[in-house]
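> Predicted model and sequence follow; I will ask about them next.
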Amino acid sequence: MSMIADFYGGKSILITGATGFLGKVLMEKLFRTSPDLRVIYILVRPKAGQTLQQRVFQILNSKLFEKVKEVCPNVHEKIRAISADLNQNDFAISMQDMQELLSYTDIIFHCAATVRFDDHLRHAVQLNVTATQQLLLMASQMPNLKAFIHISTAFSNCNLKHIDEVIYPCPVEPKKIIDSMEWLDDAIIDEITPKLIGDRPNTYTYTKALGEMVVQQESGKLNLAIIRPSIVGATWQEPFPGWVDNVNGPTGLIVAAGKGFLRSIRATPMAVADLIPADIVVNLTLAVGWYTAVHRPKSTLIYHCTSGNLNPCNWGKMGIQVLATFEKIPLERAFRRPKADFTTSNVTTQYWNAVSHRAPAIIYDFYLRLTGRKPRMTKLMNRLLRTLSMLEYFINRSWEWSTYNTEMLMSKLSPEDQRVFNFDVRQLNWLEYIENYVLGVKKYLLKEDMAGIPEAKQHLKRLRNIHYLFNTALFLIAWRLLIARSQVARNVWFFIVSFCYKFLSYFRASSTLKV
Ligand SMILES: CCCCCCCCCCCCCCCCCCCCCCCCCC(=O)SCCNC(=O)CCNC(=O)[C@H](O)C(C)(C)COP(=O)(O)OP(=O)(O)OC[C@H]1O[C@@H](n2cnc3c(N)ncnc32)[C@H](O)[C@@H]1OP(=O)(O)O
Ligand SMILES: NC(=O)C1=CN([C@@H]2O[C@H](COP(=O)(O)OP(=O)(O)OC[C@H]3O[C@@H](n4cnc5c(N)ncnc54)[C@H](OP(=O)(O)O)[C@@H]3O)[C@@H](O)[C@H]2O)C=CC1
């Protein structure tokens, strides 16, 4: 019997960010392992013309929830979507809903955040700091609350090289930042943002660090824990390997490489690729929820959910495996053949960006214009290059995260819980995981049919032939132009032609002699 699964039975659980990548996997696992839980409250905002109910319906009817429906057929009744916007005061939750939340919630998992690296500081503070503070305030009014689990990121202190499971305070208090956002105008905020974020690369990591400080300020009053995952990737095992549904982190680059848009990337091949599968993060999160509620540690514990120090993989190995998988299982309608490389200097990066990214996009757009269609490749390529420049910081450095608390927790679990809520990253085989990740990108994110693989391979062959033809034509044109302009080139050309002629005459003469 799993103690963790048993613990969540009969409980009312509040999840923020349940419509996000991690939130969905968390909900799925909860329903699958504790189908007798009382209710999961999710705070959802209407989005993209969809009502709350439509959003929930879409999630529950997705492939991810197929297994849940077998073990928990009444899952629709156990999920209660509450209209909420974390950017608003009191999250714009109705009085009635608020009353219900305050009265019944047993556990909170706070996953909602803006994960955009380039978000305006005001918005990032609002969601990653102020909303966390408000949620903590709500939590303090919940008589039945047993644990509040905050999802942060291992990169909240990415300005350090070695990171322990402790809070590192930012120079300016979160309260001061929150207050200043209320009266400073956007132009001034833009001006002070670089000074505030200091040696962090973006507003995301900075505001996540502030969010942790806000959580810590409540320790003593509430039963809290913080989880810091590194780069969350597709699922490893559960509910099935390779599930992923957004382009964040490496996923977008895997798509870009598979479609042949991404040809070179400034990365350090030996730098640690601290990826962590979403199901490992979720298993740890649920174990932490149980441990925090049942064992009530004296202080707020922080858990690093990382792979680098227990089972390291590097970007070089990952890149090779991604490309090797695309050899076997290509994506459909690729722009070019999947063939990418790492560059290490700024100069080579600029060169390859011009030659391998911008030039083909311009040529393709020219072709689209000629055939009466709307050009779009240059725009797409510019966006990809912008994304690459944002991710570069994370693929050219390595960090060391200590994992004492995570290992301690693992040792506290029963053998059954260690199996059902497995977060031991040492058991992960990277090559197998990456292959499943790439397959998952094809199947679940891009929704491509596996039956289309032979056609995709044919398409790549055609692209290869076009590539050879194009290169030969380019060479001949360049050579022709050179010969027309340069005496040296003409001499070289005559030398090569006469050499070939002599060689052929000799070859013909010797074969005639043999006969
Ligand atoms: C030796 C041999 C070698 C062989 C070599 C082989 C190589 C080949 C194999 C390749 C794999 C191996 C290397 C892997 C390296 C991975 C590095 C990962 C580091 C992650 C660190 C994370 C650390 C922190 C973790 C955390 O704690 S938090 C989670 C992380 N948070 C994020 O990852 C948000 C990022 N994103 C944004 O911050 C915004 O997206 C923004 C970018 C500002 C754009 O923003 P904007 O331009 O305004 O517009 P969007 O609407 O957002 O997007 C506009 C358009 O870009 C698309 N697109 C959005 N994203 C991505 C993305 N990633 N990748 C690609 N495309 C993306 C979107 O599909 C849309 O396309 P479209 O629809 O136009 O076609
Ligand atoms: N993905 C990763 O690589 C990593 C993620 N993390 C952390 O994990 C957590 C979850 O990340 P992930 O699932 O990847 O992120 P997603 O972007 O997939 O999900 C974010 C969630 O937050 C919700 N949200 C955003 N703004 C609001 C708002 N104003 N009101 C209500 N809900 C809102 C989104 O709702 P909606 O669907 O309406 O947009 C969505 O459900 C975050 O705290 C993140 O910092 C940490 C390390 C790595």
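Perfect, thanks for sending it. Numbering: from 1, shown residues only. Ligands and ions are numbered 1, 2, ... in the order given.
> Which helix runs longest in the protein?
helix 453-485 (DSSP state H).
> What angle do helix 453-485 and the helix or strand following it make with each other?
Using DSSP states H and E, the helix or strand that follows helix 453-485 in sequence is helix 487-514. Angle between the axes of helix 487-514 and helix 453-485 is 110 degrees (criterion: axes from the mean of the first three to the mean of the last three Cα atoms, to 10 degrees).
> got the buried residues for helix 487-514?
Using 16 or more other Cβ atoms under 10 Å as the test for burial, helix 487-514 gives no buried residues. All C-beta atoms are positioned from the backbone trio N, CA, C, and that covers glycine.
> How about the contacts made by residue 235?
For residue 235, the contact set (Cβ atoms under 8 Å, 6 or more residues apart in numbering) comprises 25, 241, 242, 243, 244, 277, 278, 279, 440.
> In helices, which of those residues fall?
Reading helices off these with DSSP H, I get 25, 278, 279, 440.
> Going by neighbour count, which of the contacts of residue 235 comes out on top?
Of all the contacts of residue 235, the most densely surrounded is residue 277 (29 neighbours; neighbours counted as other Cβ atoms under 10 Å).
> related to what we said a few turns ago, can I get the ones in helices among the contacts of residue 235 in TSV with distance to residue 361 and pLDDT?
Formatted as TSV, those follow (distance: Cβ to Cβ, whole Å; pLDDT from 0 to 100):
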residue	distance to residue 361	pLDDT
25	35	98
278	32	98
279	37	98
440	28	98
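> Just give me the closest of the residues you listed to residue 102.
Lowest distance from residue 102 to these (Cβ to Cβ) belongs to residue 25, with 27.1 Å.
> Let me know how buried whichever residue of the chain sits closest to ligand 2 is, in neighbour terms.
Proximity to ligand 2, evaluated over the chain using Cβ to the nearest ligand atom, is greatest for residue 20 at 2.1 Å. Neighbour count for residue 20, taken as other Cβ under 10 Å: 19.
> which element is residue 388 on?
Here residue 388 sits within helix 377-395, counting by DSSP H and E.
> buried stuff in that helix?
Buried, per 16+ other Cβ under 10 Å, within helix 377-395: 377, 378, 380, 381, 384, 385, 387, 388, 391, 392, 394, 395.
> OK, contacts around the fifth one?
It refers to residue 384. Contacts of residue 384 (Cβ under 8 Å, 6+ apart): 256, 261, 262, 357.
> Mind checking which of those residues are in helices?
Judged by DSSP H, helices contain the following of the contacts of residue 384: residue 256.
> Name the nearest residue to residue 437, ignoring sequence neighbours.
residue 234 (4.4 Å; Cβ to Cβ, 6 or more residues apart in numbering).
> Now do the contacts for that neighbour.
With contacts defined as Cβ under 8 Å, 6+ apart, residue 234 is in contact with 241, 242, 243, 244, 251, 277, 278, 436, 437, 440, 441.
> you'd agree residue 41 is in a helix?
No: assigned with DSSP: H, G, I helix; E, B strand; the rest coil, residue 41 falls outside any helix and is strand.
> chain center to stretch 252-264, what's the gap?
Stretch 252-264 sits 15 Å away from the centroid of its parent chain (Cα atoms, centre = their mean, to the nearest Å).
> Is it positioned near ligand 1?
Yes: Stretch 252-264 reaches ligand 1 (Cβ under 6 Å from any ligand atom) through 252, 253, 254, 256, 257.
> Tell me, how many residues neighbour the third one?
For residue 254, the neighbour count with other Cβ under 10 Å is 30.
> Name the residues of the stretch 51-200 of the chain found near ligand 2, please.
Proximity of the stretch 51-200 of the chain to ligand 2, by Cβ under 6 Å from any ligand atom, involves residues 84, 85, 86, 87, 111, 112, 113, 114, 115, 127, 151, 153.
> can you map out the strands along this protein?
Here the chain has its strands, by DSSP state E, at 12-16, 39-44, 79-83, 107-110, 147-151, 162-163, 224-229, 231-233, 264-266, 275-277, 301-305, 341-343, 400-401.
> Using TSV, please lay out those strands together with mean pLDDT and distance to residue 417.
Shown next, in TSV, are these (pLDDT from 0 to 100; distance: least, Cβ to Cβ, whole Å):
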stretch	mean pLDDT	distance to residue 417
strand 12-16	98	18
strand 39-44	98	21
strand 79-83	97	25
strand 107-110	98	17
strand 147-151	98	16
strand 162-163	98	27
strand 224-229	98	17
strand 231-233	98	22
strand 264-266	95	40
strand 275-277	98	18
strand 301-305	98	15
strand 341-343	94	40
strand 400-401	98	23
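> Pipe those strands into CSV and attach distance to residue 412 per row.
What follows is the strands of the chain, written out as CSV (distance: least, Cβ to Cβ, whole Å):
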stretch, distance to residue 412
strand 12-16, 21
strand 39-44, 25
strand 79-83, 30
strand 107-110, 18
strand 147-151, 15
strand 162-163, 23
strand 224-229, 13
strand 231-233, 24
strand 264-266, 41
strand 275-277, 20
strand 301-305, 12
strand 341-343, 41
strand 400-401, 20
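> nearest to residue 330, of those?
Residue 330 lies closest, by Cβ to Cβ, to one member of the strands of the chain: strand 341-343, at 18.2 Å.
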